[in-house]
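Engineer: structure of the sequence below:
(one chain, ligands or ions: 2)
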Amino acid sequence: MEKREELYRGKAKSVYKTDDADRLILLFRNDTSAFDGKRIEQLDRKGMVNNKFNAFIMQKLEAAGIPTQFDKLLADNEVLVKKLDMIPVECVVRNYAAGSLVKRLGVEEGMKLNPYTFELFLKDDAKGDPFINESHVVAFGWGTAEQLVRMKELSLKVNDVLTKLFDDAGLLLVDFKLEFGVFSDGSIVLGDEFSPDGCRLWDKDTKKKMDKDRFRQGLGDVIEAYEEVAKRLGVPL
Ligand code: ADP
Ligand code: UDP
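Structural biologist: Ligands and ions are numbered 1, 2, ... in the order given. Got it, this is the predicted structure:
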């Protein structure tokens with residue numbers, strides 16, 4: 001597999017073409033951003049930890065029948081993935097209230113949501129990733145009604161699989177964000193990453209935050225918490 005030119009440099013990852021038109025390389029950097037990229041810092045080891053964490057989770061999801069981009073780990077910071085035509089919509093599943101939901105509705109952080117909620121946000125930093133609904137996705141052509149049905153179905157399946165996986169490791173999966181794309185065969189595939197950067201994880205007993213909220217809220221020991229989660233799950237680092 002030959003790495004070719006950089007296609008895109010995001011806030012946390014760089015994306016490279018390869019000699020295979022259906023494959024890309026994602027390079028996980030140490031850059032850590034919050035507030036739609038308004039704050040960016042370098043955190044030692046973050047690229048490596050998130051790359052390996054993501055590979056572990058994507059393989060668990062694949063084994064549970066969820067189509068993912070994952071192909072193979074290439075290096076500490078690099079993974080080979082299926083090239084997807086990304087749908088610019090973030091799918092957020094919540095099991096407990098936190099973050100923007102608490103701000104929007106004034107509910108108490110940690111309130112159990114029964115059942116879970118499923119939300120959509122437009123992936124557009126300049127607009128502050130606005131909250132949208134399914135009719136916006138179709139009306140503005142970001143995705144079709146059929147694609148939305150599949151994205152929701154897969155998001156809820158991810159929630160079932162990962163709620164159990166994290167529960168077994170003594171962690172509550174509070175909420176998470178997924179991004180999907182269309183593969184060359186037309187199928188909807190889970191892309192981007194699943195790591196503590198894009199989800200909330202709390203220790204079941206102490207409710208200690210073990211995710212990117214440690215960075216957003218200046219709680220310290222950000223990567224130490226990610227590594228603790230990885231250790232509990234058995235992710236080889
Ligand atoms: P952002 O764009 O939010 O700053 P990143 O730094 O994580 O995020 O950049 C990674 C970019 O690569 C994102 O725009 C994401 O949508 C895109 N991407 C992730 N996985 C794939 C994939 N399998 N195929 C094509 N693009 C992808
Ligand atoms: N999230 C993300 N990228 C975003 C926005 C949110 O990964 O651009 C994740 C976030 O880490 C959390 C979930 O999606 O796990 C829900 O985020 P929320 O809407 O509460 O927004 P926040 O307050 O975290 O910005």
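
Engineer: tell me the contacts of the residue in the chain positioned nearest to ligand 2?
Structural biologist: Among the residues of the chain, residue 99 lies closest to ligand 2, at 2.2 Å counting by Cβ to the nearest ligand atom. (C-beta placed from N, C-alpha, C; glycine too.) Counting by Cβ atoms under 8 Å, 6 or more residues apart in numbering, residue 99 touches 175, 200, 213.

Engineer: taking these one by one, which sit in helices?
Structural biologist: Among those, DSSP state H puts residue 213 in helices.

Engineer: same for ligand 1: which of the contacts of residue 99 are within range?
Structural biologist: Among the contacts of residue 99, none lies close to ligand 1 by the criterion of Cβ under 6 Å from any ligand atom.

Engineer: what's the longest helix in the chain?
Structural biologist: From DSSP H, the single longest helix across the chain is helix 145-168.

Engineer: that one near ligand 1 anywhere?
Structural biologist: No: on the criterion Cβ under 6 Å from any ligand atom, helix 145-168 is out of touch with ligand 1, staying 13.7 Å away.

Engineer: just the CA coordinates for that helix, please, in CSV.
Structural biologist: Extracted in CSV, the C-alpha atoms of helix 145-168 (Å, rounded to 0.1, in the frame of the first residue of the first chain):
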residue,chain,number,x,y,z
ALA,A,145,-34.5,9.4,3.5
GLU,A,146,-33.3,5.8,2.9
GLN,A,147,-29.7,6.7,4.0
LEU,A,148,-31.1,8.3,7.1
VAL,A,149,-33.1,5.2,8.0
ARG,A,150,-29.9,3.1,7.7
MET,A,151,-27.8,5.7,9.7
LYS,A,152,-30.3,5.6,12.5
GLU,A,153,-30.5,1.8,12.5
LEU,A,154,-26.7,1.5,12.6
SER,A,155,-26.3,4.2,15.3
LEU,A,156,-28.7,2.3,17.6
LYS,A,157,-27.0,-1.0,16.9
VAL,A,158,-23.7,0.7,17.8
ASN,A,159,-25.3,1.9,21.0
ASP,A,160,-26.4,-1.7,21.9
VAL,A,161,-23.0,-3.2,21.2
LEU,A,162,-20.9,-0.5,22.9
THR,A,163,-23.2,0.1,25.9
LYS,A,164,-22.6,-3.5,26.8
LEU,A,165,-18.8,-3.4,26.0
PHE,A,166,-18.2,-0.3,28.2
ASP,A,167,-20.5,-1.6,31.0
ASP,A,168,-18.4,-4.7,31.2
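
Engineer: kind regards, and thank you for your time.
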